[in-house]
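Participant: Generate a structure from the sequence data that follows.
(one chain, ligands or ions: 1)
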Amino acid sequence: MSAMDCTQSRALMSPYIDGELAADRAAALERHLEGCAQCRAAYEIERRMSSAVRDQGERFKAPAHLKARIMSEIERNAQSGGWRDLRYFATGWNPAALAASIVLAAVLGSAATMQYLGGNSEEPLVQEVVAGQIRSLMADHLTDVASSDQHTVKPWFNGKLDFSPPVADFAADGFALAGGRLDYLDHRNVAALVYRHRQHVINVFIWPEAGELGPRLATRQGYNLVYFKRNGMEYWLVSDLNAGELKEFAQRLARASES
Ligand SMILES: [Zn+2]
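Facilitator: Down below sits the predicted model:
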């Protein structure tokens, strides 16, 4: 594996702290941290935040009956297949961890949302994505290419980006492609795909990024965000659509990226 850069290092910190990294990835991250003071500082913040959230979770242990109810709900869903996609999609999550997350979310509210997002290191990007959503709606500049046809939108990006974003339409599932445009996030040009679901606009920002991760959730300024990495691409979804449906749409995008 070639030397890890700071972007990769930041992305891997949270799974590293949670013990979810494979040994070679963990070793590569440790090598990077040894040589990079900035990432060491970011790592220290993230580690402290993570253990603070864990300590809070310990202090507010869910009552046994609540835990039992959540576990049986998850079991029931698992048997009916309801969680199968989610488990497949969210590599590294298991029902127990999921239950712990739900318990944490129930008792901690916004603090748990921070934990989903991996802490401070991702906050600037979260703010950029929200700003991108607001900008696209306010400036009446939602699309550079307005089309519901993926075979029109995908080639439109040719020559405008140094990568080809996956473009799919999900009109049959209620998520209709409305078009695409160029945007600028995280110090680089990115593809922005625009979808509509009922009256809601969904911006999907896509750029190349190594690794598999997600989904992570956040809420900022009334917008819900879902973020994941799949098949060499990083995806950030942002919308005023509710978090449940936005995550469902993220799963559709992830599955589409397989084909
Ligand atoms: Zn670094």
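Participant: rest of the way, CA atoms for contacts and neighbours
Facilitator: Noted.
Participant: Would you confirm that Leu185 contacts Gln127?
Facilitator: No. Between Leu185 and Gln127 there is no contact under Cα atoms under 8 Å: 10.2 Å.
Participant: Of the two, which one has the most company?
Facilitator: For Leu185 and Gln127, the more surrounded residue by other Cα atoms under 10 Å is Leu185, and the numbers stand at 17 against 13.
Participant: Which of the three states applies to the closest residue to the more buried one other than its chain neighbours?
Facilitator: Computed as Cα to Cα, 6 or more residues apart in numbering, the closest residue to Leu185 that is not its neighbour in sequence is Glu128, at 6.6 Å. Three-state call for Glu128 (DSSP: H, G, I helix; E, B strand; the rest coil): helix.
Participant: Who are the contact partners of the closest residue to the ion within the stretch 101-250 of the chain?
Facilitator: Here the stretch 101-250 of the chain gets closest to the ion at one residue, Ser121, 11.7 Å apart by Cα to the ion. Residues in contact with Ser121 (Cα atoms under 8 Å, 6 or more residues apart in numbering) are Arg10, Ala42, Glu46.
Participant: Against Val204, how distant is it?
Facilitator: Relative to Val204, Ser121 is positioned 21 Å away (Cα to Cα, to the nearest Å).
Participant: cool, and Ile17?
Facilitator: For Ile17, the distance to Val204 equals 28 Å [Cα to Cα].
Participant: How about the secondary structure of Leu241?
Facilitator: Following three-state DSSP, we place Leu241 in the coil state.
Participant: Which residue is the nearest non-sequential neighbour of it?
Facilitator: In this structure, Leu241 finds its nearest non-sequential neighbour in His200, 6.0 Å apart by Cα to Cα, 6+ apart.
Participant: Which residues does that neighbour form beta bridges with?
Facilitator: His197 (DSSP bridges).
Participant: Also Phe170?
Facilitator: Assessed by DSSP bridges, Phe170 has beta-bridge partners Phe175.
Participant: just checking, it touches Leu177?
Facilitator: Yes. Counting by Cα under 8 Å, Leu177 is a contact partner of Phe170 at 6.8 Å.
Participant: Comparing the two, which residue is more hemmed in?
Facilitator: Higher neighbour count among Phe170 and Leu177: Leu177, with 23 against 18, using other Cα under 10 Å.
Participant: Could you tell me what pLDDT the model assigned to the more buried one?
Facilitator: For Leu177, the model assigns a pLDDT of 95.
Participant: what's the answer for Tyr184, then?
Facilitator: On pLDDT, Tyr184 comes in at 89.
Participant: pLDDT score for Asp24?
Facilitator: We have a pLDDT of 89 for Asp24.
Participant: helix or strand for it, which one?
Facilitator: helix 23-35 (DSSP states H and E).
Participant: Please name the bridge partners of Glu234.
Facilitator: Beta-bridge pairing for Glu234 (DSSP bridges): Trp207, Lys229.
Participant: residues in contact with the residue nearest to Leu241?
Facilitator: By Cα under 8 Å, 6+ apart, the contact set of His200 is Ser239, Asp240, Leu241.
Participant: And it, how far from Arg135?
Facilitator: Separation of His200 from Arg135 (Cα to Cα) stands at 15 Å.
Participant: Just the pLDDT at Gly232, thanks.
Facilitator: 92.
Participant: ugh, wrong one, Arg31
Facilitator: pLDDT for Arg31: 92.
Participant: Tell me which stretches of this protein form strands.
Facilitator: Ranges of strands in the chain, per DSSP state E, are 145-146, 176-185, 188-197, 200-208, 213-220, 223-230, 233-239.
Participant: Can you tell me which of those has the worst average pLDDT?
Facilitator: strand 213-220 (a mean of 86).
Participant: mind saving the C-alpha coords of it as PDB?
Facilitator: Output of strand 213-220 as PDB, limited to C-alpha atoms (Å, rounded to 0.1, in the frame of the first residue of the first chain):
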ATOM      1  CA  LEU A 213     -17.500   3.500   5.200                       C
ATOM      2  CA  GLY A 214     -20.900   4.300   6.300                       C
ATOM      3  CA  PRO A 215     -23.600   5.200   6.500                       C
ATOM      4  CA  ARG A 216     -23.100   8.100   8.900                       C
ATOM      5  CA  LEU A 217     -25.800  10.500   9.800                       C
ATOM      6  CA  ALA A 218     -26.000  14.100  10.900                       C
ATOM      7  CA  THR A 219     -28.400  16.900  11.300                       C
ATOM      8  CA  ARG A 220     -27.400  20.500  10.900                       C
END
